[in-house]
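J.: Below is the sequence, then the predicted model.
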Protein chains: 2
Amino acid sequence: MASNFYPAYPPDLNDEQKEYLLTNLKDWSIAHGLAVRPATSYVPPEQDPSAALATTAPVTLFPSLFPQACFEQAKSVAKAYNELYSAIASDEGWLKEIVEELIEIDDFIADLWKVHLAVKAEGYVQPLNLGLFRSDYMVHVDPSDSKSSPTVKQVEFNTIASSFGGLSSQVSALHKHLRSIDAYPKSEPAIRDSALPSATSVPGLALGMAKAHKAYGDSASGSPLCVIFLVQDPERNVFDQRHVEYALNESHGVKTFRLPFGRVLADTKLDQERRLIYTPPHAPDRHFEVTVVYFRAGYSPSEYESQKDWDARVQIERSTAIKCPSILTQLAGTKKVQQVLATPHSPHLKRFLPDEAQAAEVLKTFAPIYPLDKSEAGQEARKLATDSKTAAGYVLKPQREGGGNNVYRKAIPDFLKGLPETHWPAHILMEMIEPPAQNNVIFRNGEIQKGEVICELGIYGACLWKDGGKDEEREVLENFEAGYLLRTKGSGSEEGGVAAGFGSVDSPLLVDT
Amino acid sequence: MASNFYPAYPPDLNDEQKEYLLTNLKDWSIAHGLAVRPATSYVPPEQDPSAALATTAPVTLFPSLFPQACFEQAKSVAKAYNELYSAIASDEGWLKEIVEELIEIDDFIADLWKVHLAVKAEGYVQPLNLGLFRSDYMVHVDPSDSKSSPTVKQVEFNTIASSFGGLSSQVSALHKHLRSIDAYPKSEPAIRDSALPSATSVPGLALGMAKAHKAYGDSASGSPLCVIFLVQDPERNVFDQRHVEYALNESHGVKTFRLPFGRVLADTKLDQERRLIYTPPHAPDRHFEVTVVYFRAGYSPSEYESQKDWDARVQIERSTAIKCPSILTQLAGTKKVQQVLATPHSPHLKRFLPDEAQAAEVLKTFAPIYPLDKSEAGQEARKLATDSKTAAGYVLKPQREGGGNNVYRKAIPDFLKGLPETHWPAHILMEMIEPPAQNNVIFRNGEIQKGEVICELGIYGACLWKDGGKDEEREVLENFEAGYLLRTKGSGSEEGGVAAGFGSVDSPLLVDT
């Protein structure tokens, strides 16, 4: 982690200043729905059986410092990333090779692929796809050249259930409000409105869904149309989702329902043309034709407890509803895809992003990831990994999804010495992202936590595209950047990690570096 | 209470309908700040020392039925009531007579009057007054003539700290939202948007304060201007106040501070021209000249624990800040004033509202109140009270402020028989308001309560006026209706009363009757 990169920040607060800031933060957040249902450690469920209590979402007291150039850089590649991942998701043949490498070691990926194959055998009936993506970055400062300009490096790319867009809009407004009421004492850099970009994630994500809803076309079943938010139940982060839902209702007049993943088979069915028909439990005489299924559930292996859950996923995938995301789009978001794109000299990026200038900009945001095999890149990696001087800038990770047992920096050469060379290819070598350290204060579960933090910037992208058929070109119908998210957590462990639960939503104070 | 006045309402809900309605109500309310800090019985303070939890404000699940003509009637007299009470507050000589009758039996009124006298002796320095009033009504149906049209009758007139304007705007929007998502099954009368009037109390009250702030003029001290919300601390109903504060900030660019009543002497001082200068504890180097002091505290005897609290009140009253309300305006809101206005054949209404048509409309909203003395009205009252047939429409109340020991209806004749006639004038006889019964469901502290309810409609009025000086006419500068509040509570006891705590905010479903 780079130290002394940022100026001293945030300003110290005396008791009266802390009281003023916190009181205003607590009141504004609840008045504006910057909220979560409380953790069970805060309010045991038996105390509040109807779940009517809420509390301020974990937030930073101050907007965190963030280099303006990095913020602009991350936003500038949003459309290219939409293009890239929508192209990957449309290239079943290419994805198949990726998936085949994972099937042996990852049951979840294997099961998702089976769903795809089953629907493919029958034939897909909806060529439109909606991606509401989020590309997550950290600021990276080259530790060997402290004078170099910071850049953003991608941590991961999310193709399913990218959350916090609803709260992001609110926390940005919160920090602007706190500034406007002089809750921030003077500091350097000054907290000024022009350096606090508004988060447009709520209108952006809602617009993405509205575009897909419209592109679906008229109701063919005769039933009115709706968008389904596929959700977990219970969901503590419900207000995050609701803000997007209300924007979709109010700004676009789109009818929405929340459908718990476990109720898909009970509340939906496919008609003869495989239109997805939703019947609300509270109005069993009414039926709605579903235009878009927006997944805020169904992304994690733990949610698929029995065959019924897989049947539910199949039912959605078979339907004419536009999936956000489809199975193939979900699979495009696996770590393995990120890895093969970010391998130096990789031919894959060019394949999906033929525009060279665009590809070059995207490439700059990759932290290089090397295989440890006998390829050209592998040979390079072996050199880097066995020399403790160069190894200091890397992390060694097992190829398997899910991580764990990472080996960091100077420990890598000795670790490899103890491992038969035939086992080396089971690992990848990734350049460490070196985010500059700074301090902030987090308000979470009614408690203040102060300390060194690192920030992760997410840029949302909305992309609506049509898969190419036999004689058709793939066609991107909508492609736009859809706001940002800044998440901030304790800089805790070397894993880039964080004391469990010590994370928060934030907004950037843009600075020149 | 009139029965069978309204049609059967609200519709019955099955479990799925109840779940849908409640889930949406709970989420929407928190997402939009229709909230309160939880009662200590719900969340003990030691569980949440930083007071970061919140819950849905007590609300009705359905908008309550309310006769459209009564709603219009109440709104139509709002400006006349502003005129009336601003005129009363400006007539010190008349108020003196009222107060003198109360001084012996009511220490609080006596102490308020002393504050006025002290400031008067020195000379008032601010001729402008702001009233943010709320006139509360119930629908009255003449029990002797069930075919007669219902009218509104005034329950009380509030000249200080009229609350719930902030939440009222939100609950009206909540019921409209629930209707828009079909959370209300079909009923008769139908819950349709055109019958759900929007509550404009937030913009209305904020506009009232903004007008006063502007009328105050430029800063004379050189310090920037601000409005003070004088508040209780802690305040569970803080979001109600915050919504008005945020509207004042955002729509009118007015700077505001919340000042706990107990900190007036610590955080304010008067300069040589008696300008009220506020110094925020969090920014002791900064000073603000106060244009308006909006009282959401200081209205109740229990808040004046020591001479220091009275000194605080004197400090505000002496200042050039526009008081909302002044001491005289607060005194104009005592029950005794309502009583003398509503006495049949009273000359007082005419005195303050010379416009005969206006006065006639206001008079229609009075429930007659009789003295039991030897005056003409008193003779009339004695006849009504001693005949059990006529007494059935009345309540006998002690003259003292604070109520208690009311005698109802047919019990009145026997009660008076047991009382020496010399003691009769210590009581007043008031016509019972007979609100029609209906049913509703209240969500409060995370619990559902269903039953017979009665509604109280409050109409906010904003009035800015200039007291007449020696050679000047009193002048009303601003006078407008400022939204409504509907409060609904269990019809419980005969006192018009309610099981303790069983009240809620509501919005009207306007019906023809």
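T.: That came in fine, so what should we check first? Numbering: from 1, shown residues only, chains lettered A, B, ... in the order given.
J.: Show me the shaky parts of chain A.
T.: Within chain A, the segments meeting pLDDT under 70 span A:1-3, A:400-404, A:492-502.
J.: Name the single longest strand found in it.
T.: Taking DSSP state E as the criterion, chain A has its longest strand at strand A:447-466.
J.: Name the strands paired with that one and say parallel or antiparallel.
T.: Within its sheet, strand A:447-466 is paired with strand A:128-140 (antiparallel), strand A:438-444 (antiparallel), strand A:475-490 (antiparallel), according to DSSP bridges.
J.: Any buried residues in that strand, and which?
T.: A:449, A:453-466 (16 or more other CB atoms under 10 Å in any protein chain shown). Where you see a C-beta, it was placed from the backbone N, CA and C, and this is true even at glycine.
J.: Nearest to chain B within the stretch 301-450 of chain A, name that residue for me.
T.: The nearest approach of the stretch 301-450 of chain A to chain B comes at A:Gly446, 3.8 Å away (CB to the nearest CB).
J.: list the contacts for that residue?
T.: The contact partners of A:Gly446, by CB atoms under 8 Å, 6 or more residues apart in numbering or on different chains, come to A:42, A:55-56, B:48-53.
J.: Now it. Nearest residue, chain neighbours left out?
T.: Closest residue to A:Gly446 apart from its sequence neighbours, by CB to CB, 6 or more residues apart in numbering or on different chains: B:Ala52 at 3.8 Å.
J.: my guess is that neighbour contacts A:Ala57, does it?
T.: No - the pair B:Ala52 / A:Ala57 is not scored as a contact, 10.5 Å apart, by CB atoms under 8 Å.
J.: could you pull out the helices for the stretch 301-450 of chain A?
T.: For the stretch 301-450 of chain A, applying DSSP state H, counting those that start in this stretch gives helices covering A:307-318, A:327-332, A:335-341, A:348-352, A:356-364, A:376-386, A:388-391, A:411-417.
J.: Next, the distance between the ends of stretch A:38-48.
T.: Terminal residues of stretch A:38-48 are spaced 10 Å apart (CA to CA, to the nearest Å).
J.: ugh, wrong one, I meant stretch A:422-435
T.: In stretch A:422-435, first residue to last residue: 34 Å (CA to CA).
J.: follow-up on the earlier one: can you lay out the contacts of A:Gly446 as a markdown table showing distance to A:Ala220?
T.: As requested, the contacts of A:Gly446 are arranged in a markdown table below (distance: CB to CB, whole Å):
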| residue | distance to A:Ala220 |
| --- | --- |
| A:Tyr42 | 47 |
| A:Thr55 | 44 |
| A:Thr56 | 45 |
| B:Asp48 | 52 |
| B:Pro49 | 57 |
| B:Ser50 | 54 |
| B:Ala51 | 53 |
| B:Ala52 | 49 |
| B:Leu53 | 47 |
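J.: Please tell me which one of those counts the most neighbours.
T.: Sorting the contacts of A:Gly446 by how many neighbours each has (other CB atoms under 10 Å in any protein chain shown) puts A:Thr55 first, at 28 neighbours.
J.: which residues in the stretch 101-250 of chain A form strands?
T.: A:128-140, A:151-158, A:225-231 (DSSP state E, counting those that start in this stretch).
J.: Export those as JSON lines, with columns for mean neighbour count.
T.: Listed next are the strands of the stretch 101-250 of chain A as JSON lines, based on neighbours: other CB atoms under 10 Å in any protein chain shown:
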{"stretch": "strand A:128-140", "mean neighbour count": "25"}
{"stretch": "strand A:151-158", "mean neighbour count": "21"}
{"stretch": "strand A:225-231", "mean neighbour count": "23"}
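J.: Tabulate these in CSV, adding columns for distance to B:Glu380.
T.: Formatted as CSV, the strands of the stretch 101-250 of chain A follow (distance: least, CB to CB, whole Å):
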stretch, distance to B:Glu380
strand A:128-140, 74
strand A:151-158, 79
strand A:225-231, 65
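J.: Can you check which of those strands gets nearest to A:Val36?
T.: For the strands of the stretch 101-250 of chain A, proximity to A:Val36 was assessed by CB to CB; strand A:225-231 is nearest, at 14.4 Å.
J.: got the residues of the stretch 1-150 of chain A near chain B?
T.: A:14, A:16-17, A:19-23, A:26-28, A:30-33, A:35, A:38, A:42-43, A:47-56 (CB under 8 Å from any CB of the partner chain).
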